[in-house]
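Colleague: predicted model follows, preceded by the sequence.
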Amino acid sequence: MHFARPGSIPLAVAAAVALAACAEKKEEAPAQPAAPAANAEVTVRLGHVAPLTGPQAHIGKDSENAARMAVDELNARKLEIGGAKVKFALLAEDDQADPKQGTTIAQKLVDEKVNGVIGHLNSGTTLPASRIYSDAGIPQISGSTTNPKYTQQGFATTFRLIANDVQQGQALGLFARQTLNARTVAIIDDRTAYGQGLADEFEKAVLAGGGQVVTREFTTDKATDFAAILTKIKSKRPDLVFFGGLDAQGGPMAKQLKSLGLKAVFLSGDGGCTPEMINLAGAAAEGLYCSLPGVPLERMPGGKAFGDKFSAKYGQIQLHAPYVYDAVMVMADAMQRANSVEPAKYLPEIGKTDYQGVTGRIVFDAKGDLKDGAISLYQVREGKWEYLQSVGGETAQQ
Amino acid sequence: MAMDTFLQQIINGLVLGSIYALVALGYTMVYGIMGLINFAHGEVVMIGALVALTVINLLAGSGLPGIVIALIGLIAAAPVCMATGFAIERIAYRPLRRAPRLAPLITAIGVSIVLQNLAMLIWGRRYHSFPPILPSTGYEIFGATISGLQIAIVVIAALMMAGLSLLVQRTRLGRAMRATAENPQIAQLMGVDINRIISLTFVIGSALAAVAGLMVSANYSIAHYYMGFILGLKAFTAAVLGGIGNLAGAMLGGILLGLIEALGAGYIGDLTGGFLGSHYQDVFAFFVLILVLVFRPSGLVGEKVAERA
């Protein structure tokens, strides 16, 4: 048999790298740019960006479906803004959860002069994209970005409808120390802006509460084998293992943790708080803990009705659907109050929002963070996430 | 350094390495015969995993023993993978056999993207979990645990490597394969139907992919339309590490890569006093790959066989 001919291996490696950054896919063609004439129909184009391919595609599609549902409902209301009939159009884009792709898409949406942006889904893509939207003066509301930096960059255009990771990490750290009474913890994160940010805040909160971090381990958001890091963690005998990352890694991780005979409690943030997590962890799911910004769907003021509507159309809610739905509604609400769909005119109105959404009462602070964002904790009992308790969020729990 | 932890890391590395080796065999076989890197091989593994899982999920409640269900899943997945492998060669590679080297590499990447998206359309974006049909009881060896399935993975990878070597070295088909590898034109003049041999190579490689797909999804309880990509990349690395085109090299490269990853992740943090952490696991693996390629450009065992061939 042959052995490698010179040149073929570097070529193949280069091709592999090219594959990793492969082509972008578009879900929907952009709508025609409409000239705003009196009494004519004005098309309000909203960009929605989330990973629609790759390991997080199920969460991204869930988010897109929610935005689409909100847009359909707005169109059914036949709103008039600034004396013209408005039609909302959704430009659903795929950023593959990749920061590079995220900025490419952001530039593309800016070039297409969208009126506003919903998303992105991941902190890692939202952060670099937010500068591009800010420079173009395009308002951005994310229903899922929890990295604290997002609203701390001094941009006027950044808003979020979900408690950030400082709040979530603190709540998780307190829960681990006080409620679960864990003295020694091991921390794993997936090296994404989200996972790392959450793990950092959790670590701070545990240390502040007098706990001890015995080891800090790392994986990626594409890995499936965690045996090596879990074996190392096992040798340190922690009371609790915390994972900052998503269900696709969290589920198999919980399973491998159990099969290695590690007897620690497993805790994760919102990325591991999905039905998929239970599905993937299988028999190891029982007893897992997680936290979710906000309150459970059934405790949201409009939760039940939203859940029924959404499920009838798109199936089970994965994660962020109600927040994304509210994000579209908040944006439309600001446009109505400003009586304009021009970003420069309605942007100041977003900051003044006081809107009763599906997820609760929405009021922003000066930075664009949700005021009094609640954090809730859950545990798997008999194969389902059961609500345990909530921290903060007076406005959300009215 | 606790002994049980060290032993557990060795087991982790062996299991992971055997999985890489199973997939790497498919890369190395096609490369050995055609000098082509079939980037779509990872996707064939993914299709094998998803087909097997679909059948297994249908039968999970039927009361049949777990091993029987898994075998039925494999029997269903193998023909699908073989047909996929055959089609890939026929559609994407054969028309380009006389083209410059870059062209088939690019169609390989194209096929890989097409298969991923096809799988996304058929099986959706969701993760599919493997039902708990196989016994998950672990065996204790000096404080380390290994499951029956993991033992099976290591054994099956070794058996497949041995079986393939026998096929290539001892059978009539294997002789035709070696002849095609050495010089397709002359092999053809000697009466070897090289189109048939190349098709068969792809079909055999794809049958191995079905086995690998089942093993991977059973071990990690997860299958997804995207799973083939990273797995393919790691297996390709393993094949290059061992010496691409060489069957024993694929096995050696796979096990070595698995061990490097497991021991790297397990000890790199403590050995460097926390300066480097387990996020350097992949860096470490690729560093070893670069070292091997610098000092032995044809991989660990590549050269020896090349001289013989």
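Modeller: Ah, there it is. Residues are numbered from 1 along each chain as shown, chains lettered A, B, ... in the order given.
Colleague: can you give me the helices in chain A?
Modeller: Using DSSP state H, the helices of chain A run over A:8-20, A:57-76, A:99-111, A:123-136, A:165-174, A:193-208, A:227-235, A:247-259, A:275-281, A:303-314, A:321-338, A:343-351.
Colleague: make a markdown table from the ones you listed and add distance to B:Gln185 and mean pLDDT to it.
Modeller: For the C-beta atoms, the positions are set from N, CA and C on the backbone; glycine is no exception. Formatted as a markdown table, those follow (distance: least, Cβ to Cβ, whole Å; pLDDT from 0 to 100):
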| stretch | distance to B:Gln185 | mean pLDDT |
| --- | --- | --- |
| helix A:8-20 | 20 | 49 |
| helix A:57-76 | 46 | 94 |
| helix A:99-111 | 45 | 95 |
| helix A:123-136 | 51 | 94 |
| helix A:165-174 | 63 | 90 |
| helix A:193-208 | 54 | 92 |
| helix A:227-235 | 48 | 93 |
| helix A:247-259 | 48 | 93 |
| helix A:275-281 | 51 | 90 |
| helix A:303-314 | 57 | 93 |
| helix A:321-338 | 60 | 95 |
| helix A:343-351 | 66 | 94 |
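Colleague: which one of those helices lies nearest to A:Val214?
Modeller: With Cβ to Cβ as the measure, helix A:227-235 is the member of those nearest A:Val214 (7.9 Å).
Colleague: quick one: low-confidence parts of the stretch 201-309 of chain B?
Modeller: B:303-309 (pLDDT under 70).
Colleague: closest residue of the stretch 101-250 of chain B to chain A?
Modeller: Using Cβ to the nearest Cβ, the closest approach of the stretch 101-250 of chain B to chain A is made by B:Arg125 at 3.6 Å.
Colleague: show me the contacts for that residue.
Modeller: Applying Cβ atoms under 8 Å, 6 or more residues apart in numbering or on different chains to B:Arg125 gives the contacts A:Leu52, A:Thr53, A:Ala57, A:His58, A:Gly60, A:Lys61, B:Tyr225.
Colleague: do the same with A:Met329
Modeller: Going by Cβ under 8 Å, 6+ apart, A:Met329 touches A:Ala70, A:Leu74, A:Tyr355, A:Gly357.
Colleague: neighbours of residue 93, how many?
Modeller: Went with chain A since none was named. Residues within reach of A:Glu93, counting by other Cβ atoms under 10 Å in any protein chain shown, total 28.
Colleague: oops, wrong one, chain B.
Modeller: For B:Tyr93, the neighbour count with other Cβ under 10 Å is 22.
Colleague: just B:Gly35 next, same as before
Modeller: Count around B:Gly35 with other Cβ under 10 Å applied: 19.
Colleague: one more: B:Leu200?
Modeller: Neighbours of B:Leu200 (other Cβ under 10 Å): 19.
Colleague: which one among the contacts of A:Met329 gets closest to A:Phe306?
Modeller: For these, the nearest to A:Phe306 is A:Gly357 (9.4 Å; Cβ to Cβ).
Colleague: separation between the residue lying closest to that closest one once chain neighbours are set aside and A:Val358?
Modeller: Using Cβ to Cβ, 6 or more residues apart in numbering or on different chains and skipping residues adjacent in sequence, the residue nearest A:Gly357 is A:Asp326, 3.8 Å away. From A:Asp326 over to A:Val358 the distance is 6 Å, taken as Cβ to Cβ, to the nearest Å.
Colleague: those two: which is more packed in?
Modeller: A:Asp326 (27 against 24).
Colleague: tell me which element B:Ala158 is part of?
Modeller: In this assignment (DSSP states H and E), B:Ala158 forms part of helix B:148-170.
Colleague: one more: B:Met215?
Modeller: helix B:194-220.
Colleague: near chain A at all, that helix?
Modeller: Yes: counting by Cβ under 8 Å from any Cβ of the partner chain, chain A has neighbours in helix B:194-220: B:Val216, B:Tyr220.
Colleague: of all of the stretch 51-200 of chain A, which residue lies closest to chain B?
Modeller: A:Ala57 (3.6 Å).
Colleague: quick one: contacts for that residue?
Modeller: When contacts are counted by Cβ under 8 Å, 6+ apart, A:Ala57 touches A:Pro51, B:Met120, B:Arg125, B:Tyr226.
Colleague: so the first one versus B:Arg125, what's the distance?
Modeller: If I follow you right, that is A:Pro51. Remark: distance between A:Pro51 and B:Arg125 (Cβ to Cβ) = 9 Å.
Colleague: any common contacting residues for these two?
Modeller: A:Ala57, A:Gly60.
Colleague: pLDDT score for residue 160?
Modeller: No chain was given, so I picked chain A. pLDDT, A:Arg160: 93.
Colleague: please go with chain B instead
Modeller: On pLDDT, B:Met160 comes in at 92.
Colleague: contact partners for A:Pro275?
Modeller: Contact partners of A:Pro275, counting by Cβ under 8 Å, 6+ apart, are A:Gln316, A:Gln318, A:Trp385.
Colleague: list just the nearest of those to B:Gln8.
Modeller: Nearest to B:Gln8 among the contacts of A:Pro275, with distances taken as Cβ to Cβ, is A:Trp385, at 31.1 Å.
Colleague: ok, what's across the strand from that closest one?
Modeller: Assessed by DSSP bridges, A:Trp385 has beta-bridge partners A:Val380.
Colleague: I'd like to know how many residues surround it.
Modeller: For A:Trp385, the count of nearby residues is 20 (other Cβ under 10 Å).
Colleague: same check on A:Ala327?
Modeller: 33.
Colleague: right, is the host helix or strand of B:Ala52 up against chain A?
Modeller: Assessed by DSSP H and E, B:Ala52 sits inside helix B:41-59. No: figure legend: helix B:41-59 not in contact with chain A (Cβ under 8 Å from any Cβ); closest approach 9.9 Å.
Colleague: export that helix as CSV, just CAs?
Modeller: Below are the C-alpha coordinates for helix B:41-59, written out as CSV (Å, rounded to 0.1, in the frame of the first residue of the first chain):
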residue,chain,number,x,y,z
HIS,B,41,-16.1,8.9,5.9
GLY,B,42,-17.0,10.6,9.2
GLU,B,43,-20.4,11.3,7.7
VAL,B,44,-20.8,7.7,6.8
VAL,B,45,-20.2,6.8,10.4
MET,B,46,-22.8,9.4,11.4
ILE,B,47,-25.3,7.8,9.0
GLY,B,48,-24.5,4.4,10.4
ALA,B,49,-25.1,5.6,13.9
LEU,B,50,-28.4,7.3,13.1
VAL,B,51,-29.8,4.4,11.1
ALA,B,52,-28.9,1.9,13.8
LEU,B,53,-30.4,4.1,16.5
THR,B,54,-33.6,4.5,14.6
VAL,B,55,-34.1,0.8,14.3
ILE,B,56,-32.9,0.2,17.9
ASN,B,57,-35.4,2.8,19.2
LEU,B,58,-38.2,1.1,17.3
LEU,B,59,-37.3,-2.3,18.8
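Colleague: buried stuff in it?
Modeller: Residues of helix B:41-59 classed as buried: B:41-57, B:59 (neighbour count, 16 or more other Cβ atoms under 10 Å in any protein chain shown).
Colleague: hmm, stretch B:107-115 in reach of chain A?
Modeller: Yes: contact between stretch B:107-115 and chain A, assessed by Cβ under 8 Å from any Cβ, occurs at B:Ala108, B:Ile109, B:Ser112, B:Ile113.
Colleague: buried ones in that stretch?
Modeller: Neighbour-count burial for stretch B:107-115, with 16+ other Cβ under 10 Å as criterion, is recorded at B:Thr107, B:Ala108, B:Ile109, B:Val111, B:Ser112, B:Ile113, B:Val114, B:Leu115.
Colleague: good, we can wrap up now.
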